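J.: pasting the structure only:
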């Protein structure tokens with residue numbers, strides 16, 4: 001992992017804020033991505049998230065009755081996750097290392113915006129496979145590689161879609177990849193005027209009053225998208 005990850009110390013439990021439908025605090029990109037992950041876990045009873053951060057994804061899953069476990073090396077993130085779960089009356093287990101998680105297999109393992117931060121992705125994937133049920137699935141999101149070098153100082157390596165599919169194909173028989181979040185619209189969402197992002201506010205209001213998440217319905221005429229989302233099933237048992 002490159003650089004010291006300081007976002008949780010600086011911003012607190014920001015994923016919980018961004019997941020909201022608040023006109024100002026809500027962030028359509030985070031909300032769309034997390035809700036996609038949650039939908040993919042609908043049939044799962046047990047969920048393990050690696051790199052769970054402040055626990056926003058697991059919080060949403062715990063609210064609908066899933067048994068959730070989170071792993072994150074950032075102690076600030078774990079403290080935030082535990083505090084938010086307690087505040088909302090939710091149940092979940094959180095650990096600083098996968099080796100600390102009691103021996104069990106999970107219906108679903110989630111890697112949301114994680115693999116781009118890892119020094120050795122294959123080592124992590126290989127370590128996760130014994131924790132997955134035979135009929136289990138891996139749910140993964142990560143930025144699509146758009147340039148030769150990432151603009152994010154925290155990213156070790158970003159993946160081309162074909163590269164990611166080939167990697168996951170070593171561990172799963174079925175790998176379904178979806179491109180989402182048109183890059184042009186993500187750029188518009190980021191435009192700020194005196195600290196306010198007007199396009200993001202508009203998207204939040206549309207979601208609030210109509211239930212439509214613009215990021216989920218808009219398309220890119222040049223097929224340039226920001227996020228690749230993967231559902232990998234049928235684990236290979238080497």
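T.: Structure received. Bear in mind that the values here come from a model prediction, so they are computed numbers and not experimental data.
J.: so what sits opposite the residue nearest to residue 179 when sequence neighbours are not counted in the bridge?
T.: In space, and not counting its chain neighbours, residue 179 is closest to residue 225: 4.0 Å by C-beta to C-beta, 6 or more residues apart in numbering. The C-beta positions use only the backbone N, C-alpha and C, and glycine is treated the same way. Applying DSSP bridges to residue 225 gives these bridge partners: residue 182.
J.: which other residues reach the helix or strand of the chain with the lowest mean pLDDT?
T.: Here the helix or strand of the chain ranked lowest by mean pLDDT, DSSP states H and E is helix 7-11, holding a mean of 92. Helix 7-11 is contacted from outside by 14, 53, 54, 74, 76, 77, 80, using C-beta atoms under 8 Å, 6 or more residues apart in numbering.
J.: looks to me like residue 38 is in a strand.
T.: No - judged by DSSP: H, G, I helix; E, B strand; the rest coil, residue 38 forms no part of a strand; its state is helix.
J.: tell me the contacts of it?
T.: 57, 60, 61, 64.
J.: out of those, who's nearest residue 105?
T.: residue 61 (17.1 Å; C-beta to C-beta).
J.: correct me if wrong, but the closest one is in a helix.
T.: Yes - applying three-state DSSP, one finds residue 61 inside a helix.
J.: is it true that it touches residue 70?
T.: No - in this structure, residue 61 is not within contact of residue 70 by C-beta atoms under 8 Å, at 10.2 Å.
J.: measure the spatially most central residue of the chain to residue 219 for me?
T.: In the chain, the centroid-proximal residue (C-alpha atoms, centre = their mean) is residue 112; its distance is 2.4 Å. As judged by C-beta to C-beta, to the nearest Å, residue 112 and residue 219 stand 23 Å apart.
J.: residue 41 now?
T.: Relative to residue 219, and taking C-beta to C-beta, residue 41 is found at 25 Å.
J.: neighbour count winner among these two?
T.: Neighbours were counted for residue 41 and for residue 219 using other C-beta atoms under 10 Å; residue 41 has more, 23 against 11.
J.: ok, back up a step: tell me the secondary structure for the nearest residue to the residue nearest to the centre of the chain once chain neighbours are set aside?
T.: Spatial nearest neighbour of residue 112, chain neighbours left out: residue 141 (5.0 Å); criterion: C-beta to C-beta, 6+ apart. With three-state DSSP as the basis, residue 141 sits in strand.
J.: neighbours around residue 141, how many?
T.: 23.
J.: what residues are up against it?
T.: 33, 36, 37, 111, 112, 113, 227, 228, 229, 230.
J.: check contacts around the nearest residue to residue 118 once chain neighbours are set aside.
T.: Counting by C-beta to C-beta, 6+ apart, residue 124 is the residue found nearest to residue 118 once chain neighbours are left out, at 5.7 Å. Counting by C-beta under 8 Å, 6+ apart, residue 124 touches 50, 115, 118.
J.: helix/strand/coil for residue 124?
T.: Per three-state DSSP, residue 124 ends up helix.
J.: how near is it to residue 79?
T.: 23 Å.
J.: my guess is the residue nearest to residue 179 contacts residue 144. True?
T.: Yes - the pair residue 225 / residue 144 is scored as a contact, 5.9 Å apart, by C-beta under 8 Å.
J.: what about the residue nearest to residue 179, distance to residue 9?
T.: 31 Å.
J.: same deal with residue 189?
T.: Residue 189 sits 25 Å away from residue 9, going by C-beta to C-beta.
J.: okay, those two: which has more neighbours?
T.: A direct count of neighbours by other C-beta under 10 Å for residue 189 and residue 9 places residue 189 higher, at 21 against 13.
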